[in-house]
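Enquirer: predicted structure and sequence below. I'll ask about it afterward.
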Amino acid sequence: MALKKCAVGVHKQCVLLQAGSMRLAVTTNVGPRVIGCFIGKKSTFNHFAVLPPTPMENVSNGFTLYGGHRLWHSPEELPRTYEPDNAPVKVEEKKYRVLFSSAPCPETGISKTIAVEPLTNGLFSLSHWITNHGLWTVKLAPWTLSQMAPGGTCVLPLGNIPDGNPFAPDRTVNFWPYTDLKDPRLTMGNRFITVRHDPKAESPLKVGVRNRCQWVAYLNHGQALVKYFQFFREQPYPDNGCSTECYTCKDFTEMELLGPLVEIAPGKTVEFVEFWQGIDGLPELTTEDEIAAALYPNLIIDPESVCDEDDEDGCGCEDDDCECGCEDDDCECGCEHEAPAKKSSSKKASTSKRKGATASKKSKK
């Protein structure tokens, strides 16, 4: 594909990719980082916050906030988590996707890649790779953070089990020490938790859930950015089992996804995959019922399904029926990305059509 260039704020050398009516802009001067998300062919509204280069408070290694979508790893620790991504990235075209890769961090030996692929049904696939170039095995979880534009609302499905044991808990919610449970930005519903951005807020707020529904959304400007991922119910997750989290402060809201905790041996890679969908033409939504009525008909998968498939390893080619048996991200077997299947009466069918996360460790050429 011929790569189109664009500018987003101070980032003048961005790559512009389009899937249907949604466009993504990816930085090349720093990163890897997706700095722009536009829903609608003529829309100029960026769903990502674009910040002036801002050194992170209390972090002295040069890590800078730019806004947009970035790749981290959990548990959150200094200095490992806060690896600076201030250098230009390597850009490679491979088949139908474009790879944006950082050099290994000198302090940690970890490199990061975000592979962006436009899909024919108007969705984007984003594969996040963390590779250990160090001498020792490291334990971490892939962690993606999207700094969303002010004024929106983050929707975190709770994933309760309708037919579960009535005497056993079926939802897990975690709060960070600085979160005020009486904060008006935070609304606890029966189907999901919502976090509303407030530019006048004086303190931050953060909440995390063990999200088995495998989607999360951010509503803003009459539109929604929905992210789909795979939840591995048998594998451990960081932050007391969180697979989705939301942080908000006066400047932005972060919509965060996490993969399982895994050990990465030297030379190995862990992958975490998201599918992004843009929804346009939404009315103003305030209540849980209004949000559900507007979002649910547009979601690709059953909005209240609970992941029940077994954990599985992948060959790296994103095809559930692949028979090649390889462990190579550059597999030439001919398999291609397949987006989430349209809603099915079978919960299994609705999830098995995609690989939202791969927790296995794989070699890369």
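Expert: Cool, the structure landed. Residues are numbered from 1 along each chain as shown.

Enquirer: so which bits of stretch 169-176 are buried?
Expert: Residues of stretch 169-176 classed as buried by neighbour count (16 or more other Cβ atoms under 10 Å): 170-172. Every C-beta, even on glycine, is put in place using the N, C-alpha and C of the backbone.

Enquirer: no wait, stretch 295-306
Expert: Across stretch 295-306, burial judged by 16+ other Cβ under 10 Å covers 295, 298-306.

Enquirer: any idea how far the spatially closest residue to Lys12 that is not a sequence neighbour is from Ala149?
Expert: Setting aside the residues directly before and after it, Lys12 is nearest to Asn29 in space (Cβ to Cβ, 6 or more residues apart in numbering), at 7.3 Å. Counting by Cβ to Cβ, to the nearest Å, the gap from Asn29 to Ala149 is 21 Å.

Enquirer: likewise for Gln235?
Expert: Distance from Gln235 to Ala149, by Cβ to Cβ: 33 Å.

Enquirer: which stretches of the stretch 201-350 of the chain form strands?
Expert: Taking DSSP state E, counting those that start in this stretch as the test, the strands found in the stretch 201-350 of the chain are 205-209, 215-220, 223-228, 244-248, 253-258, 262-264, 268-279.

Enquirer: show me what contacts Glu202?
Expert: By Cβ atoms under 8 Å, 6 or more residues apart in numbering, the contact list for Glu202 reads Lys250.

Enquirer: redo that, cut-off 7 Å
Expert: Going by Cβ atoms under 7 Å, 6 or more residues apart in numbering, Glu202 touches no other residue.

Enquirer: and Pro157, by the same measure?
Expert: Pro157 sits next to 191-192, 211, 213, 215 when contact means Cβ under 7 Å, 6+ apart.

Enquirer: higher neighbour count, Asn29 and Ala149?
Expert: Ala149 (20 against 16; other Cβ atoms under 10 Å).

Enquirer: just the closest of the buried residues of stretch 169-176 to His128, please.
Expert: Thr172 (23.6 Å; Cβ to Cβ).

Enquirer: not counting its neighbours along the chain, what's nearest that closest one?
Expert: That would be Arg210: by Cβ to Cβ, 6+ apart, it lies 3.9 Å from Thr172.

Enquirer: make sure the one you found is actually in contact with Asn240.
Expert: No: look at Arg210 against Asn240 with Cβ atoms under 7 Å: they stay out of range, at 8.3 Å.

Enquirer: who's more crowded, these two?
Expert: Arg210 (20 against 11).

Enquirer: gap between that one and Phe192?
Expert: Remark: distance between Arg210 and Phe192 (Cβ to Cβ) = 13 Å.

Enquirer: got it, and Ile279?
Expert: On the measure of Cβ to Cβ, Ile279 and Phe192 end up 16 Å apart.

Enquirer: between those two, point out the one with more neighbours.
Expert: Using other Cβ under 10 Å, the more surrounded residue of Ile279 and Phe192 is Phe192, with 26 against 19.

Enquirer: list phi and psi for that one.
Expert: Torsion angles at Phe192 (phi, psi; degrees, to the nearest 10) stand at phi -160, psi 170.

Enquirer: what sits closest to it if chain neighbours are left out?
Expert: Nearest one to Phe192, counting by Cβ to Cβ, 6+ apart, is Pro157 at 4.6 Å.

Enquirer: show me the shaky parts of the stretch 51-200 of the chain.
Expert: Where the stretch 51-200 of the chain drops to pLDDT under 70, the residues are 162.

Enquirer: re the thing from before, tell me which of the buried residues of stretch 169-176 is nearest to Ser127?
Expert: Closest to Ser127, out of all of the buried residues of stretch 169-176 and judged by Cβ to Cβ, is Thr172, at 27.0 Å.

Enquirer: hang on, that closest one packs against Gly241?
Expert: Yes: between Thr172 and Gly241 there is a contact at 5.5 Å, judged by Cβ under 7 Å.

Enquirer: shared neighbours, these two?
Expert: Arg210.

Enquirer: now render the strands of the stretch 201-350 of the chain as JSON lines, adding distance to Ala115.
Expert: Listed next are the strands of the stretch 201-350 of the chain as JSON lines, based on distance: least, Cβ to Cβ, whole Å:
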{"stretch": "strand 205-209", "distance to Ala115": "26"}
{"stretch": "strand 215-220", "distance to Ala115": "20"}
{"stretch": "strand 223-228", "distance to Ala115": "16"}
{"stretch": "strand 244-248", "distance to Ala115": "21"}
{"stretch": "strand 253-258", "distance to Ala115": "16"}
{"stretch": "strand 262-264", "distance to Ala115": "18"}
{"stretch": "strand 268-279", "distance to Ala115": "9"}
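
Enquirer: right, and those - which one's nearest Val91?
Expert: Nearest of the strands of the stretch 201-350 of the chain to Val91, taken as Cβ to Cβ: strand 268-279 at 18.7 Å.

Enquirer: picking that back up, can you put the strands of the stretch 201-350 of the chain in TSV and add distance to Gly134 and mean pLDDT?
Expert: What follows is the strands of the stretch 201-350 of the chain, written out as TSV (distance: least, Cβ to Cβ, whole Å; pLDDT from 0 to 100):
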stretch	distance to Gly134	mean pLDDT
strand 205-209	28	98
strand 215-220	31	98
strand 223-228	30	98
strand 244-248	27	98
strand 253-258	22	98
strand 262-264	9	97
strand 268-279	11	98
